[in-house]
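**Student:** Using only what follows, build the 3D model:
(one chain, ligands or ions: 1)
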Amino acid sequence: MPFRNRYTGLINKYHDRLPLADDARVISLGEGGTPLIRLNNIPRALGRDVDLYVKFEGLNPTGSFKDRGMTVAVSQAVSEGSKALICASTGNTSASAAAYAARAGITAFVLIPDGKIAMGKLAQAIMHGATVLQIRGNFDDGMRIVKELADEAPVSIVNSVNPYRLQGQKTAAFEIVEELERVPDYHCLPVGNAGNITAHWIGYSELALGPHDEATAACAFCAGHCRYQCGLVRERPRMVGFQSRGAAPFLRGEPVAEPETVATAIRIGNPQSWEYAWAASRESGGWFDELGDDEILDAQRMLAGHEGVFCEPASAASLAGAMRDIRSGRIEQGSTVVCTLTGHGLKDPDVAQRYSAEAVSTVDADTAAVKKAILGRLD
Ligand code: F0G
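**Tutor:** Model (predicted):
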């Protein structure tokens, strides 16, 4: 058969480790298989001997890690006969749900917080033909409404409370271990609704523990879906979750009523995977920490400016936190560290505006003027 090696998405690659029926119609846009990029300039600047990688999930088809979960959740919904999807979202879930619904030929309804989502994400939902409902409230309000509605209306909920979402997202952990040929010592992620940190812990746990039975602690995550026994690795990484100071329920130990942060993707006060994320943190020996918005934006700019990788603000929380912990020694020298970059920087171009005054200068359209401007910068 021609093109046997063509990559056709994570369901085809990991079908034996996913809970879909063998004859399920696969709704895919070729998601997964994202690059694991080893950073050079940032570790040098930190002056610490660490192997620091970023898993650039912004290179998924709709520009975020959500596509991993969406391909599985939408494939399952379609095989159950669903004709419509619904989600609450800070932007990326809605973009992904809209795209996969379009691909499947079904309807998507997305609830977003009024005025608080990045322009690129809204553009995606609109262009993929979703019905966009801006609610006068935040993500947590949207989540509550969606959960209530899903019981009453013929719509499939595709937020990460849908276990198929987490099953898809766990594959990022498989890819990391395959590429490194080992388990990282630390895995750092931004935490909002807390599905992704949970999903990674499921993935690592499956690799290390094999198929779960009633006795394994991780079994609660996977609802008995795990069928994979790897046996190649025995370790699991420490899971480290970072939140923005204005939206940090894991640091407060309780929901936050009015979350606020420049990283709108993680502007969430009442995470749905609360218990699972705590379990991942506790079982792995990891921790949660918080960052100021400025720290997050500095890391985003440093990564873009010194490594050539442009992620959205929320994504940079993982790297900002890792850099701080590497500097302080909490993450020891000699460690292998992976930071998930959850979404692409082009999702949220507005943040670049704040730096435009120093980066953009207007000159006359003649060679002498341009030469003068260039030489001025090279001094
Ligand atoms: N980073 C980005 C770019 C996100 O879009 C999200 C979540 C997260 C991190 C946090 O991941 O919720 O699994 O802890 N975005 C959701 C959305 C809530 O609606 O797009 P999490």
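**Student:** and the residue most central in space within the chain, what pLDDT?
**Tutor:** In the chain, the C-alpha nearest the mean C-alpha coordinate belongs to T342, at 3.2 Å (C-alpha atoms, centre = their mean). Looking at T342, its pLDDT reads 98.
**Student:** Going along the chain, name the strands of the stretch 151-300 of the chain.
**Tutor:** Using DSSP state E, counting those that start in this stretch, the strands of the stretch 151-300 of the chain run over residues 156-157, 186-190, 238-244, 287-291.
**Student:** Check the secondary structure at the residue nearest to G334 when sequence neighbours are not counted for me.
**Tutor:** Spatially, and ignoring its direct neighbours in sequence, G334 is nearest to D49 (6.1 Å; C-beta to C-beta, 6 or more residues apart in numbering). The C-beta positions use only the backbone N, C-alpha and C, and glycine is treated the same way. What DSSP: H, G, I helix; E, B strand; the rest coil gives for D49 is coil.
**Student:** Can you report how many residues neighbour D49?
**Tutor:** Residues near D49, counting by other C-beta atoms under 10 Å, number 11.
**Student:** hmm, back to that, wait, the residue nearest to the centre of the chain touches P313, no?
**Tutor:** No - counting by C-beta atoms under 8 Å, T342 does not reach P313; the two are 10.3 Å apart.
**Student:** list residues touching both of these two?
**Tutor:** Residues within reach of T342 and of P313 at once, by C-beta atoms under 8 Å, 6 or more residues apart in numbering, are A265.
**Student:** what's the nearest residue to F109 if we skip its chain neighbours?
**Tutor:** F109's closest residue in space is I86 (C-beta to C-beta, 6+ apart), at 4.5 Å.
**Student:** The one you found contacts V146, correct?
**Tutor:** Yes - the pair formed by I86 and V146 meets the contact definition of C-beta under 8 Å, at 5.6 Å.
**Student:** more neighbours, those two?
**Tutor:** I86 (26 against 21).
**Student:** Please, which helix or strand holds the more buried one?
**Tutor:** Per DSSP states H and E: I86 is located in strand 84-88.
**Student:** Give the pairing partners of that strand; include direction for each.
**Tutor:** If you go by DSSP bridges, strand 84-88 pairs up with strand 107-113 (parallel), strand 156-157 (parallel).
**Student:** quick one: contacts of the helix or strand following it?
**Tutor:** Per DSSP H and E, the first helix or strand lying C-terminal to strand 84-88 is helix 92-104. Residues outside helix 92-104 that contact it (C-beta under 8 Å, 6+ apart): 27-29, 61-67, 69-71, 74, 78, 84-85, 87, 89, 107-108, 110-112, 117, 121, 124-125, 127-130, 132, 158-160, 265, 342-343, 347.
**Student:** Close to the ligand: what parts of the chain are there?
**Tutor:** Proximity of the chain to the ligand is confined to 64, 66, 89-93, 160, 190-196, 265-266, 312, 314-315, 342-343 under the rule C-beta under 6 Å from any ligand atom.
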